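**Student:** coords please:
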Amino acid sequence: MPGVIPNQQLETMIASGVIAADPAIDPAQIQPASLDLRLGTVAYRVRASFLAGHGAKVTDRLGEFEMHRIDLTDGAVLEKGAVYVVPLMEHLALPTDISAVANAKSSTGRLDLLTRLITDGGTEFDRISAGYTGPLYAEICPRSFSVLVRPGMRLNQIRFGTGDAVLDDDALRALHAQTPLVDGDAVIDDGLGFSVDLRLKDTTLVGYRAKPHTGVIDLDKIGHYAPAEYWEEVHSDNGQIILDPGAFYILVSREAVTIPPEYAAEMAPYLAMVGEFRVHYAGFFDPGFGHDAAGGAGSRGVLEVRCHEAPFVLEHGQVVGRLVYEKMVEAPTQLYGTGIASNYQGQGLKLSKHFKAPKGTLSGSPAQ
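**Tutor:** Below is the predicted model of the structure:
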C-alpha cells in the first residue's frame, strides 16, 4: 500500500540492514515518520554547492570543488556564507519499491541553516530514488549565523515511503470534514494553505529578524542564548510589515494545524508569483503534530521567511505556504509530542530551542 513508513517499520528496516550506520543508529533518532541523520567526523569546505550527477560519486566531485577539510571530532565552526559537505554516519540499501525524501529539522531551519541531502548519482537535492544503495552526505550552508558543530549532531532527517501517497485536494477536503486540519476556514488548493499572522493577541510583536553580525551558536546548547543578541524584534500595529531584501525572518502561521495520526505532512512553497519572498520550509510535520491526543491542540506553524530582490509588504492573512498531506502506511506507534520530548508541540511564535524564551513575549498564543 502506498504511504509513508512509520517508526515501527523503520525499526525493522534498521534491523534488516536497509538502513545502517557506523556507529549504530540510536533509537532516539527514530521519529514517528522519519529518521534523524547524524553528522560524521569531517567537513569539506567547497567552492560551491553541487550535485553528483548521473554515474558520479560525491567523493569524485569533492576532488573538483574541495578547498580544505575540517576535523569535527572536537567541534568546529562552520562559517556564515560558506558551503560545506559532511559525510553522514548513515547509509542505505533501499529495496526497489522504497524511495526517500529528506528535509532540514525544525531547529535547523529556524537558524537559517540551509541543510540539504546529496547522494552518489543524485540529480536533485533531498530526493533519493527507490533502490538507492550508498552513502549519504549533508550539504550545509549557514546563512545567518556561524555555528559550532560536532559529530553525531542531527541537522536533517529522512522520510521513507512507497508509491504516491499524497492526498489530492478532494481527499484533503474529505479529511478536513472528518477531522478539522485547521482551526478556521481551510484554504485547499494544491495542498492546505498556510497564512501569516501579523495580528498576535495582546502584543505588537509579530516576529523576529536575524541580526547581521552575531556570535557563534553552539548547536549543543539548549535554552542558552539571549534572543536580543541574535534577533531584532519585528513589531506591527497595522497588520503588515515590510520585508527587507536579503533579511531572514521568523514569523508564525495564523492557522493552528492538526496532523492526524494516520497522516504526515510537508511544508512546501506556495507560488513564486505571490511576492518577492520565499518561505524557507524546514520540515516535515510528523503524525500527531497539533493533535489533541498528543498534547498539541493549537500548534501553529513557524514560518522561516527570506525576502529576495525588492522590499515587499507582507500583510496579515496572506497565504505564504502550503501543507502537502500524505497517508501513512499505518499509524505510527509513537506520535509527535507524546513521550518523545518534542520541542515544538503546542507552539506559537517561537525561536529555535537554542534560545531562552523572552519574558512575556513568546508564551502567549497567537490570536485566532
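**Student:** Now the element after the helix or strand of the chain with the lowest mean pLDDT, going C-ward?
**Tutor:** Ranked by mean pLDDT, DSSP states H and E, the weakest helix or strand in the chain is strand 277-279, scoring a mean of 71. Counting by DSSP states H and E, the next helix or strand C-terminal to strand 277-279 is strand 284-285.
**Student:** Buried residues in the very next helix or strand once past that next one, which are they?
**Tutor:** Where DSSP H and E defines the elements, the next helix or strand beyond strand 284-285 is strand 300-307. By 16 or more other Cβ atoms under 10 Å, the buried positions in strand 300-307 come out as 300-307. In short, each C-beta sits where N, CA and C put it, glycine included.
**Student:** cool, and stretch 214-228?
**Tutor:** Residues of stretch 214-228 classed as buried under the neighbour-count rule (16+ other Cβ under 10 Å) are 217-219, 225, 227.
**Student:** With stretch 113-133 instead?
**Tutor:** Quick answer for stretch 113-133 (16+ other Cβ under 10 Å): 113-122, 126, 128, 132.
**Student:** gap between that stretch and the chain center?
**Tutor:** From the chain centre to the centre of stretch 113-133 is a distance of 16 Å (Cα atoms, centre = their mean, to the nearest Å).
**Student:** and the end-to-end length of it?
**Tutor:** 27 Å (Cα to Cα, to the nearest Å).
**Student:** before we move on, what about stretch 46-66?
**Tutor:** Terminal residues of stretch 46-66 lie 4 Å apart, using Cα to Cα.
**Student:** again, but for stretch 254-264
**Tutor:** End-to-end span of stretch 254-264 (Cα to Cα): 20 Å.
**Student:** Please apply the same query to stretch 105-118.
**Tutor:** 16 Å.
**Student:** quick revisit: show me which pair in the buried residues of stretch 113-133 is furthest apart.
**Tutor:** Based on Cβ to Cβ, the longest span within the buried residues of stretch 113-133 runs between 113 and 121 and measures 25.7 Å.
**Student:** rewinding a little: out of the buried residues of strand 300-307, which is nearest to residue 37?
**Tutor:** Looking across the buried residues of strand 300-307 and measuring by Cβ to Cβ, the closest to residue 37 is residue 304, at 19.7 Å.
**Student:** quick one: which of the buried residues of strand 300-307 is nearest residue 82?
**Tutor:** Closest to residue 82, out of all of these and judged by Cβ to Cβ, is residue 306, at 17.7 Å.
**Student:** hang on, isn't the closest one packed against residue 248?
**Tutor:** Yes: using Cβ atoms under 8 Å, residue 306 is in contact with residue 248, at 5.3 Å.
**Student:** Where do the helices of the protein begin and end?
**Tutor:** Using DSSP state H, the helices assigned to the chain run over residues 7-15, 58-65, 106-110, 169-178.
**Student:** ranking these by mean pLDDT, which is last?
**Tutor:** Lowest mean pLDDT of those: helix 106-110, a mean of 89.
**Student:** list the helices and strands it packs on?
**Tutor:** The contact analysis (3 or more Cβ pairs under 8 Å, 6 or more residues apart in numbering; DSSP states H and E) places helix 106-110 against strand 300-307.
**Student:** what about the strand it packs on, distance to the chain center?
**Tutor:** In terms of Cα atoms, centre = their mean, the centre of strand 300-307 is found 11 Å from the chain centre.
**Student:** Which neighbouring elements make contact with it?
**Tutor:** For strand 300-307, the packing partners by 3+ Cβ pairs under 8 Å, 6+ apart come out as helix 106-110, strand 248-256, strand 277-279, strand 319-327.
**Student:** starting at the chain centroid, how far to the first one?
**Tutor:** If I follow you right, that is helix 106-110. 6 Å.
**Student:** how about the CA coordinates for it, as PDB?
**Tutor:** The C-alpha trace of helix 106-110 is given here as PDB (Å, rounded to 0.1, in the frame of the first residue of the first chain):
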ATOM      1  CA  SER A 106      12.800  22.400  12.600                       C
ATOM      2  CA  SER A 107      15.600  23.800  14.700                       C
ATOM      3  CA  THR A 108      17.900  23.800  11.700                       C
ATOM      4  CA  GLY A 109      15.500  25.800   9.600                       C
ATOM      5  CA  ARG A 110      14.900  28.300  12.400                       C
END
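**Student:** ok, of the buried residues of stretch 214-228, which one's closest to residue 40?
**Tutor:** Closest approach to residue 40 among these (Cβ to Cβ): residue 219, at 15.1 Å.
**Student:** list the contacts for the closest one?
**Tutor:** The neighbours of residue 219, taking Cβ atoms under 8 Å, 6 or more residues apart in numbering as the test, are 107, 147-150, 153, 155, 354.
**Student:** Lovely, talk soon.
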